[in-house]
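Visitor: The sequence isn't on hand, but the structure is:
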């Protein structure tokens, strides 16, 4: 069964460093999303991406964040200058028709 | 505004039935999802309701009342592996129908 994959599974970085989180959505899906979940808290929407551009972004998704689909398979989330409060689990999700969203296994980001 | 409420924790016995409630208030409702999340893992899709009524899928059923802003997830014949968080999520009407999640209900199934 097709699935969303994410790399790395765990990323440790120092405050102020740039990180790139990678996702490979399900191949025939058209809608892509990033969510994050701070430990013990709820899953929060960050950004949605369709037709090679951002469709919607939340208040969390400030200028430090960017997304890109550099080729036909990868979907990346970049954080330019990480802060301690960026430590969270980051989930990528994809959807064929903005109906059911399939989540990847997540990348645990730890900022020290 | 958006507000999704569900109980923080519940406990049930193996083999029993449990109902997890969710109430919501959103600006543009376009469906309600239930996801299961085991600790440290990704949410996995369980069910979806967009019209009023009951949707059944094996041991899991989900109910929606749009007029009351209310849904529940019913789990039958509970198994130990059902111990997990259950997330209620509302899909908002919009360009890409983002999901707004509740805080989740942590279900503990006891022998």
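Guide: Received, thanks. Worth saying up front: this structure is predicted, and the values here are computed from it rather than measured.
Visitor: in the sheet, who's paired with residue B:33?
Guide: Listed beta-bridge partners, residue B:33: residue B:48, residue B:89 (assigned using DSSP bridges).
Visitor: Could I get the contacting residues of the closest residue to residue B:43 other than its chain neighbours?
Guide: Counting by CB to CB, 6 or more residues apart in numbering or on different chains, residue B:43 lies nearest to residue B:35, which is 3.8 Å off, once chain neighbours are set aside. C-betas here are computed from N, CA, C, even on glycine. With contacts defined as CB atoms under 8 Å, 6 or more residues apart in numbering or on different chains, residue B:35 is in contact with A:103, B:43, B:44, B:45, B:46, B:86, B:87, B:89, B:101.
Visitor: go on, residue A:102?
Guide: Contacts for residue A:102 (CB under 8 Å, 6+ apart) come out as A:3, A:4, A:26, A:29, A:93, A:94, A:95, B:45.
Visitor: Can you select the buried ones from the residues you listed in PyMOL?
Guide: For the buried members of these, the matching PyMOL selection, counting by 16 or more other CB atoms under 10 Å in any protein chain shown, is:
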select buried, chain A and resi 4+26+29+93+94+95
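Visitor: What are the boundaries of the strands in chain B?
Guide: Taking DSSP state E as the criterion, chain B carries its strands at B:3-5, B:9-13, B:18-25, B:29-37, B:44-49, B:53-57, B:60-65, B:70-75, B:84-92, B:99-101, B:105-110.
Visitor: Pull out the buried positions in the fourth one.
Guide: Read that as strand B:29-37. Of the residues in strand B:29-37, those with enough neighbours to count as buried (16+ other CB under 10 Å) are B:29, B:31, B:32, B:33, B:34, B:35, B:36, B:37.
Visitor: Many thanks, we can stop here.
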